[in-house]
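K.L.:
Quick one: sequence plus predicted model below, questions after.
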Amino acid sequence: ARHNGANLPKRFRWSDQQQLMRLCARCGSVEQGLVAAAMLPKFELAALNEMMNEYASLGSFTSAISLLSAMEQHPTIKPDEYTCTAVIKACGSRGKTQSAVKIMKKMIVKLDISPNLRIYNALLNAVSTDLQLALQVFVDMEKEELLQPDPVTFNTLMKACVEGGEPERALRMRTHMRALGVPMDEITYGTLINACAKCNPAKVEEAFDLFEEMQSEPGLETSVIIWCTLMLACCRAEQVERAFTVKQLMLDSGCEPNTHVYNLLMNACTSTSQWERTLKLHSEMVERGVEPDVLTWNSLMQARSNLADDPIEGAVACLVESITQAGMSPSVQTWGQLIDICAEQGDTARASLAFEQMTATGIQPDLTAYSSLLKAHTASGNLDSAMALYHSLHSSDLQTTGPLYGMLINECLEQRDVPKALELYNDMRAAGLAPSNRLFRQLLEMMVDRDFTKMGDSDDNAMAYMSLFSRQSYDLGSDHAGGKSCIDLHGMSTVEARAAVLCVLKTIQQLHKSGARPQNQDLVIITGAGRSRQDGKSHVRDAVIKLLEQLQLDIQISTPNMAIEESELSLDNTQETSLQEHAIVGDYMIATGDSTTNEGRIIVTKESLSRWLSAKKSTSKPAAPVDAPAVLPSATTNEPETSEAGAKEVIGSKKSVANLETVGKSKPSEKIKQKKQKKQKKAKKQKEPVKDKDDVELAEEEENLLFRQEGDYFVYTFEN
């Protein structure tokens, strides 16, 4: 028609015109669609809207926006409410929630189109992945006086609540729905029953009440989806027998079960170790002609592996059957399950073989597959293979979890491999994951055993410790022009913070003793918020202050939120200026957190540090406390001096290394115990709590027994 210079013939029906515009959307371009619509002068706008609807169904967000722009610039055609509805749907199909909202605002302001119920429902569906935004759209909709929400509105919003992790809100919305007189349909009841299933714990009784209410409503049919959702509520509440009762009621009503029903029940049986029942469900499934899918075979593999004499052979046989007889392509979950079965049986070789076959078929392993194989390697003590697999995981797009790091570090601790443990620890901190205090203490103990008892005076000693707290190397010998050195303790636990400060002080001590650098800088310690108490104070901040006071170092404590001036730190031009990027500020930098906000700082003056470094070794050592001390040697000697309490015997002993977490928990002397008991008896008689000055003095006296410095040694006391 375009070639002949004429419009399409009159017998060209509207259905043919729709097909033409869909064809342009699927196979052509926006320009071709405009040309085709121009052949239909009476239906040009409707034809372009049909093309826009096709873009929305295809999820062609970019093409939909291009067509909208072309329509805005057209001399005779202007977008209407149907155009904007289709564009909003296209935005929603690609998860472009903000773009959908912008289209809505543009429609109201620029195109002068009043939004109706159809447009609001389309917008609600487009932003349903963002619950707060969806709720705001619903509030804006209720402000429109002429608009009344319908079942589609509430169904969309309830679904957003369920998928957004707030099923309780969806259930409460039913009251609002009834208050407005909006009727409930099958989708409404199904969504509410699903909300009951997603609650924690599942609200089974309320789900059955909704089901009975639905059956009493005239004109509503109970679909297989409703039956399946009710079974899901039973299974999530661990009421498997009740789920089978619902299945029988479904069969009695004439509703045939589908693959989803059987998968749900088979998964419930495998979760409760009902292996025989799982096989019976599969047989029933085959008899009814219901096609199994990958999830079906996954449950079947788990059941057969547990029933077979050789679990691995049973799982492999099931996998082969699913491929050869059913024509299934194993999913990543299928392979992961096979690897996990091999790992549980301690067969690392076959677990590795399954992992290799999975990758050979083009399937990318998920975190479950990696975790199962790593578990097999660590259980067999094959640390090198575990680390090689970890490096493969670390280079992928998957995010390693804290428990996985913990499992690998524990294996390194078992084999006393410090470098690998430090590598994992630094990667863990770089990923923003904090180790448990127990794991950190174990790593610190192993390093004390290895380093302090064997290296003595070596600078590698302190450097190894400092690598516990930073992702970057240190430039300890340089002399930046800032006049201050800095330690950033953001994101650290109390145990890590204490150890970090001690390691930096020890490094300063080593550099001073070797003459590598005179101590002419203040030391700034940034504590941040730490793990705050209810009184608003920082655990980390208090612990660091207490530690510095025990070392008899003079400190200046700034007020919270007092920013560190750039001139005070004065970075090199070649260095990064953001604490978030873990730059080396001054001479020392320990940056493990992501915060760039300083919420307080502690300054150790250079005069105090100089006095501390120049303090001579005490000629007469004080008597050992009641409990035998463990001594951390400083840079002065390679071997610590012995004391009458037998300090030399405990040096290097795993039970007696400097466990920083035990500071503040040591047993008091008998004298202190007697004073406490006397004070408590007196307070009991007076019916008043023990408090005020005497208790503070007792606490300080007890605390002095826990930590002290003897010359160039840090001395700790332990419970055992």
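P.N.:
Structure's in. What do you need?
K.L.:
can we go C-alpha only for contacts and neighbour counts from here?
P.N.:
Will do.
K.L.:
so where is the stretch 101-250 of the chain shaky, pLDDT-wise?
P.N.:
For the stretch 101-250 of the chain, no stretch is flagged by pLDDT under 70.
K.L.:
And the strands in it?
P.N.:
Applying DSSP state E, counting those that start in this stretch to the stretch 101-250 of the chain gives no strands.
K.L.:
Then the chain?
P.N.:
Remark: strands assigned in the chain by DSSP state E are 484-488, 522-526, 555-557, 601-604, 629-632, 707-710, 713-717.
K.L.:
The fifth one - what's its average pLDDT?
P.N.:
Looking back up the chat, that one is strand 629-632. What strand 629-632 shows for mean pLDDT is 38.
K.L.:
Then the first one?
P.N.:
Strand 484-488 carries an average pLDDT of 71.
K.L.:
do the same with the third one
P.N.:
Here strand 555-557 scores 81 as its mean pLDDT.
K.L.:
Can you give me the buried ones in it?
P.N.:
Residues Ile555 are the ones in strand 555-557 that count as buried (16 or more other CA atoms under 10 Å).
K.L.:
Quick check: neighbours of it in the sheet, parallel or antiparallel?
P.N.:
Strand 555-557 sits in its sheet next to strand 601-604 (antiparallel), going by DSSP bridges.
K.L.:
buried sites along the partner strand?
P.N.:
Using 16+ other CA under 10 Å as the test for burial, strand 601-604 gives 601-604.
K.L.:
cool, and stretch 317-332?
P.N.:
So for stretch 317-332, counting by 16+ other CA under 10 Å, buried means 318-319, 322, 328, 330-332.
K.L.:
Also stretch 398-411?
P.N.:
Neighbour-count burial for stretch 398-411, counted by 16+ other CA under 10 Å, picks out 400, 402, 404-411.
K.L.:
nearest to Leu300, of these?
P.N.:
Leu404 (28.0 Å; CA to CA).
K.L.:
Spatially central residue in this protein, please.
P.N.:
Centroid-nearest residue in the chain: Thr401, 7.8 Å away (criterion: CA atoms, centre = their mean).
K.L.:
What pLDDT is listed against that residue?
P.N.:
Looking at Thr401, its pLDDT is 91.
K.L.:
gap between it and Ser371?
P.N.:
Thr401 is 10 Å from Ser371, where distance means CA to CA, to the nearest Å.
K.L.:
same deal with Ser63?
P.N.:
42 Å.
K.L.:
Then Pro257?
P.N.:
Pro257 sits 35 Å away from Ser371, going by CA to CA.
K.L.:
Chain neighbours aside, what residue packs nearest to Leu547?
P.N.:
Arg498 (7.2 Å; CA to CA, 6 or more residues apart in numbering).
K.L.:
For the one you found, grab the count of nearby residues.
P.N.:
Residues lying near Arg498 (other CA atoms under 10 Å) number 22.
K.L.:
That one is in contact with Leu548, isn't it?
P.N.:
No - if you go by CA atoms under 8 Å, Arg498 and Leu548 don't touch, sitting 9.5 Å apart.
K.L.:
picking up where we left off before, which of Pro257 and Ser371 has more neighbours?
P.N.:
Between Pro257 and Ser371, counted using other CA under 10 Å, Ser371 has the larger neighbour count: 23 against 19.
K.L.:
Identify the residues contacting the more buried one.
P.N.:
Shown in contact with Ser371 (CA atoms under 8 Å, 6 or more residues apart in numbering): Leu404.
K.L.:
Likewise for the one 10 residues further on?
P.N.:
Gly381 makes contacts with Glu411, as judged by CA under 8 Å, 6+ apart.
K.L.:
swap in Val294?
P.N.:
328-331, 334.
K.L.:
Kindly recompute the last result at 10 Å.
P.N.:
Going by CA atoms under 10 Å, 6 or more residues apart in numbering, Val294 touches 263, 300, 322, 326, 328-331, 333-334.
K.L.:
What of Val87?
P.N.:
Contacts of Val87 (CA under 10 Å, 6+ apart): 49, 52-53, 55-56, 59-65, 67-68, 81, 93, 99-100, 103-104, 122-123.
K.L.:
Ile103 and Pro79, how far apart?
P.N.:
12 Å.
K.L.:
With Gln17 instead?
P.N.:
From Gln17 over to Pro79 the distance is 19 Å, taken as CA to CA.
K.L.:
Equivalent analysis for Lys143, please.
P.N.:
Lys143 sits 25 Å away from Pro79, going by CA to CA.
K.L.:
who has more neighbours, those two?
P.N.:
Pro79 (20 against 10).
K.L.:
Return the distance of the residue nearest to Leu547 relative to Ala543.
P.N.:
7 Å.
K.L.:
what's the answer for Lys375, then?
P.N.:
Relative to Ala543, Lys375 is positioned 37 Å away (CA to CA).
K.L.:
One more: His282?
P.N.:
In terms of CA to CA, His282 sits 61 Å off from Ala543.
K.L.:
Between those two, which has more neighbouring residues?
P.N.:
More neighbours surround His282 than the other of His282 and Ala543, with 19 against 16 (other CA under 10 Å).
K.L.:
so the more buried one touches Asn298, yeah?
P.N.:
No - contact criterion CA atoms under 10 Å: His282 and Asn298 do not qualify, at 11.6 Å.
K.L.:
Gln345: neighbour count?
P.N.:
14.
K.L.:
Run a quick check on it versus Leu373, I expect a contact.
P.N.:
No - Gln345 is beyond contact range of Leu373, at 11.8 Å (criterion: CA under 10 Å).
K.L.:
coming back round to it: for His282 and Asn298, list the residues in contact with both.
P.N.:
Here His282 and Asn298 have 263, 266 as joint contacts, going by CA under 10 Å, 6+ apart.
K.L.:
The closest residue to Lys159 other than its chain neighbours: what's it in contact with?
P.N.:
Distances taken as CA to CA, 6+ apart place Thr191 nearest to Lys159, at 6.3 Å, with adjacent residues excluded. With contact set as CA under 10 Å, 6+ apart, Thr191 has these partners: 154-156, 158-159, 161-162, 167, 170-171, 197, 226, 229.
K.L.:
cool, and Ile226?
P.N.:
186-187, 189-191, 193-194, 211, 232, 250.
K.L.:
of those, closest to Glu238?
P.N.:
Leu232 (9.7 Å).
K.L.:
Leu265 is in contact with the closest one, correct?
P.N.:
Yes - Leu232 lies in contact with Leu265 (CA under 10 Å); the separation is 8.7 Å.
K.L.:
Now do the shared contacts for these two.
P.N.:
240, 243.
K.L.:
Spatially, which residue comes closest to Leu307, not counting chain neighbours?
P.N.:
What sits nearest to Leu307 in space, not counting adjacent residues and going by CA to CA, 6+ apart, is Trp275, at 7.1 Å.
K.L.:
just how off-centre is stretch 601-620 within its chain?
P.N.:
The chain centroid and the centroid of stretch 601-620 are separated by 43 Å, computed with CA atoms, centre = their mean, to the nearest Å.
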